[in-house]
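K.L.:
Quick check, what structure comes out for this input:
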Amino acid sequence: MADAATQPAWEAVIGLETHVQLGTDSKIFTAASTTFGDDPNTHIDPVVCGLPGTLPVLNQKVLEYAVKAAMALNLNIAEHSKFDRKQYFYPDLPKNYQISQYDEPIAEEGWIEVEVAEKGKDTYLKTIGIERLHMEEDAGKLVHAGSDRLAGSTHSLVDYNRAGVALAEIVSKPDLRTGREAAEYASEIRRIMRYLGVSDGNMQEGSLRCDVNISVRRGPDAPFGTKVEIKNMNSFSAIQKACEYEIKRQVKAIEAGETIMQETRLWDESKQLTKSMRSKEGASDYRYFPDPDLGPIEVSADQREAWREQLPELPAAKRHRYADQLGLSPYDARVLTDERQMADYFEAAVVAGADAKLSANWITGDIAAYVNSKRLSYTDLPFRPEQLAEMVQLIDGGKISGKIAKDILPDLLEKGGSPKAIVDERGLGMISDPAAITAIVEELLAAHPAEVEAFRGGKTKLQGFFVGQLMKKTGGKADPKLANQILSKKLKG
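P.N.:
Below is the predicted model:
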């Protein structure tokens, strides 16, 4: 038996099950509303409750959104698929079964490209396989209430408003190896769904939920270990931290001679650890069988192509295009493409004639800070992309400095308008006349003879002092490049 020094390092094997709430106005099999946050049990009907004599009818918008999501994940769309009943008995499931898809899902065998930024390491690209996407209905929500000083909650209430809400479950292949990769994968899934407009991806409202399956093994050639499922993660950082904790827990347990049990665990955010919840069920426990009330699903070739033509350019394609065609850094491309509205705003500014790099700097800096602080969407921002292009062109053309642009930006963000008109109205145009700058420089040198003498004596850092004085005297309007050239020449005598 190999000793610890010669054994391969431990490796984690991670897969994600991502539940995406499809953003339809009504539920998957009924016209009941999907509005979030209303009073409990106000968005239910006989179909949701599974009352005798009721029949489910598939919401066609759900099918459209599921197919578009699958296409964006490079999955193969099934010509024929079906719905199945997944049997389990729990208070949040009004029918005592969930309508899902088991052995014939709507789509299988896809992949996405994920950009992984590990702290202290170079960013790298990784292709993550996707096993399947299937449609299903959500369950209700249990609310544990009452107060008992020793036992905690004394009873539970159930809210069926979520019951019957349409979900797309996306199952990755076990291609992830670190908590960071898992978090980046989940983030990219959310980003793609938001680009498509099929989900808002709001994790705080449960519109996107992830379950992590994780095991460890000795090196990449070893067989898979016993997997553990982790639930209850409502942020990407929680996914990363839960994975990192669970990897350490499993390695420590195995090295101590313990056996890893196949189970479901919960992530405790307050204690930053996973806790055992229950033993993990297998597929046989759910007794799947085809739902007799729902016929087979057929998506024709013509319908598939019609929906494919409606897909937008997706985040990964934008990132590559921004880097390859516009010359942006991978970081700028990543930030700009995180939200589709920001990317659209940026592209509109570039189309209007703005330099791509300068536009990216303003959008990812001051403009993004304002949008976030005011909780605005880019479509509602008074400062339009063509106005940003005008401001960038003024800077690029030497008409105003970056400092002047920064001074007028708050008014532009608040009210919009023409940057050129504001500059002209306030007399903020750049001083680019060599004679005018020379006269100011000579006046400054005459006013500070000691500093001039010190500069010529070797204290060359004093040039910064004179630049500051020049900018102060001109209100930041002197052309910086020209001013430095003239100042350098005059200082040297």
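
K.L.:
which other helices and strands contact the helix or strand where A483 lies?
P.N.:
Element membership of A483, judged by DSSP states H and E, is helix 480-491. Contact here means 3 or more Cβ pairs under 8 Å, 6 or more residues apart in numbering; DSSP states H and E; on that basis helix 480-491 packs against helix 434-447, helix 449-456, helix 462-473. Every C-beta, even on glycine, is put in place using the N, C-alpha and C of the backbone.

K.L.:
Tell me which other helices or strands the shortest one touches.
P.N.:
Just to be clear, that refers to helix 449-456. Judged by 3+ Cβ pairs under 8 Å, 6+ apart, the packing partners of helix 449-456 are helix 462-473, helix 480-491.

K.L.:
now with 7 Å?
P.N.:
Judged by 3 or more Cβ pairs under 7 Å, 6 or more residues apart in numbering; DSSP states H and E, helix 449-456 is in contact with helix 462-473.

K.L.:
which stretches of the protein have low pLDDT?
P.N.:
1-6, 146-152, 280-284, 493 (pLDDT under 70).

K.L.:
Swap in 50 and give it another go.
P.N.:
1 (pLDDT under 50).

K.L.:
what's the domain layout of it?
P.N.:
10-303, 313-426, 434-491 (automatic domain parsing).

K.L.:
for the stretch 151-300 of the chain, what spans make up the helices?
P.N.:
Counting by DSSP state H, counting those that start in this stretch, the stretch 151-300 of the chain has helices at residues 179-196, 236-255.

K.L.:
how distant is stretch 80-92 from the center of its chain?
P.N.:
Chain-centre distance of stretch 80-92: 30 Å, with Cα atoms, centre = their mean, to the nearest Å.

K.L.:
what sits up against it?
P.N.:
With contacts defined as Cβ atoms under 7 Å, 6 or more residues apart in numbering, stretch 80-92 is touched by 96-102, 104-106, 139-142, 156, 158, 286-291, 294, 296-298.

K.L.:
Buried members of those residues into PyMOL, please.
P.N.:
Only the buried entries of the contacts of stretch 80-92 go into this PyMOL selection, using 16 or more other Cβ atoms under 10 Å:
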select buried, resi 97+98+99+100+101+102+104+105+106+139+140+158+286+288+291+294+297
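
K.L.:
Out of the contacts of stretch 80-92, name the ones that lie in strands.
P.N.:
Y97, Q98, I99, S100, K141, L142, S156, V158, F289, P290, I297, E298 (DSSP state E).

K.L.:
element containing the spatially closest residue to the second one that is not a sequence neighbour?
P.N.:
Computed as Cβ to Cβ, 6 or more residues apart in numbering, the closest residue to Q98 that is not its neighbour in sequence is K86, at 4.5 Å. Assigning secondary structure by DSSP H and E places K86 in strand 84-87.

K.L.:
which parts of that strand are buried?
P.N.:
So for strand 84-87, counting by 16+ other Cβ under 10 Å, buried means D84, R85, K86.

K.L.:
What's the separation between G398 and P292?
P.N.:
75 Å (Cβ to Cβ, to the nearest Å).

K.L.:
of those two, who's got more company?
P.N.:
Using other Cβ atoms under 10 Å, the more surrounded residue of G398 and P292 is G398, with 14 against 8.

K.L.:
how about that one, what does it touch?
P.N.:
M430, S432, D479.

K.L.:
any idea how far P385 is from the last one?
P.N.:
Right, D479. On the measure of Cβ to Cβ, D479 and P385 end up 27 Å apart.

K.L.:
The second one too?
P.N.:
Plainly put, S432 is 27 Å away from P385 if you go by Cβ to Cβ.

K.L.:
the more surrounded of those two?
P.N.:
P385 (21 against 15).

K.L.:
Skipping its backbone neighbours, what lies nearest that one in space?
P.N.:
The nearest residue in space to P385 (Cβ to Cβ, 6+ apart) is A348, at 3.5 Å.

K.L.:
Kindly report the same for V251.
P.N.:
Nearest one to V251, counting by Cβ to Cβ, 6+ apart, is W10 at 5.0 Å.

K.L.:
next one: S33
P.N.:
Nearest one to S33, counting by Cβ to Cβ, 6+ apart, is H43 at 4.5 Å.

K.L.:
Any chance of the backbone angles for that neighbour?
P.N.:
phi -120, psi 60 (degrees, to the nearest 10).

K.L.:
Quick check: it touching R162?
P.N.:
No: the criterion here is Cβ atoms under 7 Å, and H43 misses it with R162 at 8.6 Å.

K.L.:
sorry, back to before: list the neighbouring strands of the strand holding K86 plus their orientation.
P.N.:
Strand 84-87 sits in its sheet next to strand 97-100 (antiparallel), strand 289-290 (antiparallel), going by DSSP bridges.

K.L.:
Can you name the element that comes right after the first one?
P.N.:
This points to strand 97-100. strand 107-116.

K.L.:
export that following strand as PDB, just CAs?
P.N.:
Extracted C-alpha coordinates of strand 107-116, given in PDB (Å, rounded to 0.1, in the frame of the first residue of the first chain):
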ATOM      1  CA  ALA A 107     -33.200  18.000 -23.900                       C
ATOM      2  CA  GLU A 108     -29.900  16.100 -23.300                       C
ATOM      3  CA  GLU A 109     -26.100  16.200 -23.900                       C
ATOM      4  CA  GLY A 110     -25.000  19.800 -23.900                       C
ATOM      5  CA  TRP A 111     -22.200  22.100 -22.600                       C
ATOM      6  CA  ILE A 112     -21.300  25.600 -21.700                       C
ATOM      7  CA  GLU A 113     -18.000  27.500 -21.500                       C
ATOM      8  CA  VAL A 114     -17.100  28.900 -18.100                       C
ATOM      9  CA  GLU A 115     -14.500  31.500 -17.300                       C
ATOM     10  CA  VAL A 116     -13.000  30.800 -13.900                       C
END
